[in-house]
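S.K.: Sequence and predicted structure below; questions after.
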Amino acid sequence: MQTLQPLRPLLATSLVLLLAACANLGPAGSPAPDKTVAITILHTNDHHGRFWKNNDGEYGMAARKTVVDGIRAEVSAAGGYSLLLDGGDVNTGVPESDLQEAVPDFKGMNLLGYDAMAVGNHEFDKPPAVLAMQRKLAKFPMLSANIYQRGERMFAPYQMFTLGGVRVAVMGLTTEDTQKLGNPANMQDVEFRSPIQEAAKLVPELRAKADVVIAATHMGHYENGRHGIQAPGDVEMARAVKGIDLVVGGHTQNPACMRAENVLHTDYVPGTPCQPDRQNGAWIVQAHEWGKYVGRADFQYRNGSFTLVKYSLIPINLKKPVTDANGTTRLVHHTTPIAENPEMLALLQPYQQFGQAKLLVPVGSIDAKLEGDRSVVRKAPTNLGMLIGQANMDKTRSDFAVVNSGGIRDSLQPGTVTYKDVLKVQPFGNTLATLRLTGAEVLDYLNAAARMSPGAGGFPHISGVDLVITGTKVSQARIQGAPIDMNKTYQMVINNFMAVGGDGYPVMTAHSTYVDTGFVDADVLRSFITANTPLQTARFAPGNRVTYTTAPQ
């Protein structure tokens, strides 16, 4: 009979090694007292389809990989550990990515080795089948504790990591504004609960099982918590929920660098020191947008304390204009140029070439800029908003058009306009919808538009109507030069996003005259530019077509 006696020395040796390993851990698996563990958190946010560098050679995932790989190697060689996190909004922004459902972006994130990401509001821009495909494609968890579908969490609320014996919990949270910012048709049975309330319930649970709690969020960083008409963001959450060590944020697309306590550094210069925000014991970081930076937060965990040693935003080939003595201006790097990773280039090159072949097709020309900058178009009528409205009216033979400013994502520059330029303006693939409304219904809808706050995506651009808006109410309205007749019927054109209640507009899909034409907004704009080229932008100056006055006291 075979004896087990020879195994005893091996078992004894294994037991000694196990006891030695346990001796290096504190209670419940934490590191032993007086042991220091170095942990580096790398982070990005609001990628928005920028998998490829821009025309000036800035950012792009290939250079980002060079930076991330270098930091990981450095940290590992020094005996430390690292995580790479993202604050959400991988989708929407660059036509090459939009046309390919952000497949190159998620594949690039896989190659970069992301450990987790927060779910952003723009993850709901496409139909549910696209989001399902992206979730399957991602080799890392997409996290959100506050998104529910039919009463159950739609995503994993958190992910646990063990780094050198330190148990790290990464919790995901998504702005509740997604409900009004996204297309309701893509969010059926989906509920966006208060992220602050969900965090308040979840953080005590995580503190019981983790040494460090990190919130990967897509909520926004607002100076001193002043979130205005937007949902509360990271500052408000950190103040309300004790026990979060670090917030890796996104959504507002700004570097969360502070001049002083609760004072944001609004003119941060790439490559200079960045002091992250700190609220109620939690550090709050955000790396601007588009992969322009990789954020690096170096921590030490020792005796239950998670201490920030150093923080920096690393520019990814960002450039600045410099004018020499001869008056010649050229772009130079803010910091040392970063080489692009060959493996990432090989992965992404076919997607870039495919997109370019589809997009770099001239559709016409314009004589001056058509204004679509977010900071302008969401606060006042612009020539681009008026042009889009006119294009929609012409296509559908409607009497007037209402365009939500949140659907206008970029300007058109003078000169040749390509299909890519058009898709940058209207990247969502919305379709045009028409309705036959009585004069009374028209006035009701215009009053709903008038209530939209400047700065929000619902701020309206109205074509075909001369309006005076007093406070938040229409005080005068004329269509085709005549006052609105309450008994007459008019045809209105909007997009299907607005029709289903997007940006807070009235739901119109149940109206008896509602028709989704199937005309895609970007294609309508492209055809209008082609038909009117060379297009004279002065025709679309807002002038005083819509006048805002102060409400009487």
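M.R.: Structure's in. What do you need? Just so we're clear, the structure is a prediction, and the values are computed from it rather than from any experiment.

S.K.: and this protein, what are its domains?
M.R.: According to automatic domain parsing, the chain comprises the domains 36-352, 362-549.

S.K.: got CSV for the ones you listed, with mean neighbour count too?
M.R.: (Each C-beta comes from the backbone N, C-alpha and C, glycine too.) Below are the domains of the chain laid out as CSV (neighbours: other Cβ atoms under 10 Å):
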stretch, mean neighbour count
domain 36-352, 20
domain 362-549, 19
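
S.K.: weakest of those by average pLDDT?
M.R.: Of all those, the minimum mean pLDDT falls on domain 362-549 (a mean of 92).

S.K.: what helix or strand does Glu354 sit in?
M.R.: To be clear, residue 354 is Phe; Glu isn't right here. Using DSSP states H and E, Phe354 maps to helix 342-359.

S.K.: who does the next helix or strand after that helix touch, helix- and strand-wise?
M.R.: Moving toward the C-terminus from helix 342-359, the next helix or strand (DSSP H and E) is strand 362-366. Contact here means 3 or more Cβ pairs under 8 Å, 6 or more residues apart in numbering; DSSP states H and E; on that basis strand 362-366 packs against strand 415-418, helix 419-425, helix 521-532.

S.K.: Direction included, what does the helix or strand just after the longest one pair against?
M.R.: This points to helix 521-532. Remark: after helix 521-532, the chain's next helix or strand is strand 546-549, criterion DSSP H and E. Here strand 546-549 is paired, per DSSP bridges, with strand 465-470 (parallel).

S.K.: Show the subsequent helix or strand relative to the partner strand.
M.R.: strand 473-479.

S.K.: elements contacting that following strand?
M.R.: Helices and strands touching strand 473-479, as assessed by 3+ Cβ pairs under 8 Å, 6+ apart, comprise helix 439-450, strand 465-470.

S.K.: Dump it to PDB, keeping only the CA atoms.
M.R.: Below are the C-alpha coordinates for strand 473-479, written out as PDB (Å, rounded to 0.1, in the frame of the first residue of the first chain):
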ATOM      1  CA  LYS A 473     -43.300  83.000 -21.200                       C
ATOM      2  CA  VAL A 474     -44.100  83.900 -24.800                       C
ATOM      3  CA  SER A 475     -45.600  87.400 -24.800                       C
ATOM      4  CA  GLN A 476     -45.700  87.800 -28.700                       C
ATOM      5  CA  ALA A 477     -45.600  85.200 -31.500                       C
ATOM      6  CA  ARG A 478     -45.900  85.600 -35.200                       C
ATOM      7  CA  ILE A 479     -45.700  82.900 -37.900                       C
END
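
S.K.: So what are the sheet partners of the helix or strand that it is followed by and their directions?
M.R.: Using DSSP H and E, the helix or strand that follows strand 473-479 in sequence is strand 482-483. Paired strands of strand 482-483, with direction, are strand 473-479 (antiparallel) (DSSP bridges).

S.K.: which outside residues touch the partner strand?
M.R.: Among residues not part of strand 473-479, those counted as contacts by Cβ atoms under 8 Å, 6 or more residues apart in numbering are 399-400, 442-443, 446-447, 450-451, 464-469, 483-484, 490, 549, 551.

S.K.: Next, the angle from that strand to helix 439-450.
M.R.: 130 degrees (axes from the mean of the first three to the mean of the last three Cα atoms, to 10 degrees).

S.K.: just how off-centre is strand 473-479 within its chain?
M.R.: 35 Å (Cα atoms, centre = their mean, to the nearest Å).

S.K.: I figured Tyr81 was touching Gly164, is that so?
M.R.: Yes - the criterion here is Cβ atoms under 8 Å, and Tyr81 meets it with Gly164 at 5.2 Å.

S.K.: Mutual contacts of these two, please.
M.R.: In contact with both Tyr81 and Gly164: Val37, Ala38, Ile39, using Cβ under 8 Å, 6+ apart.

S.K.: what are the ranges of the strands in the stretch 101-250 of the chain?
M.R.: 116-118, 142-143, 147-149, 152-153, 158-163, 166-174, 190-192, 212-218, 246-248 (DSSP state E, counting those that start in this stretch).

S.K.: May I see those strands arranged in TSV, with distance to Ile284 as well?
M.R.: Listed next are the strands of the stretch 101-250 of the chain as TSV, based on distance: least, Cβ to Cβ, whole Å:
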stretch	distance to Ile284
strand 116-118	14
strand 142-143	17
strand 147-149	21
strand 152-153	24
strand 158-163	18
strand 166-174	13
strand 190-192	21
strand 212-218	9
strand 246-248	4
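
S.K.: Out of these, the one nearest Tyr268 is which?
M.R.: When these are compared by Cβ to Cβ, strand 246-248 sits nearest Tyr268, at 17.6 Å.
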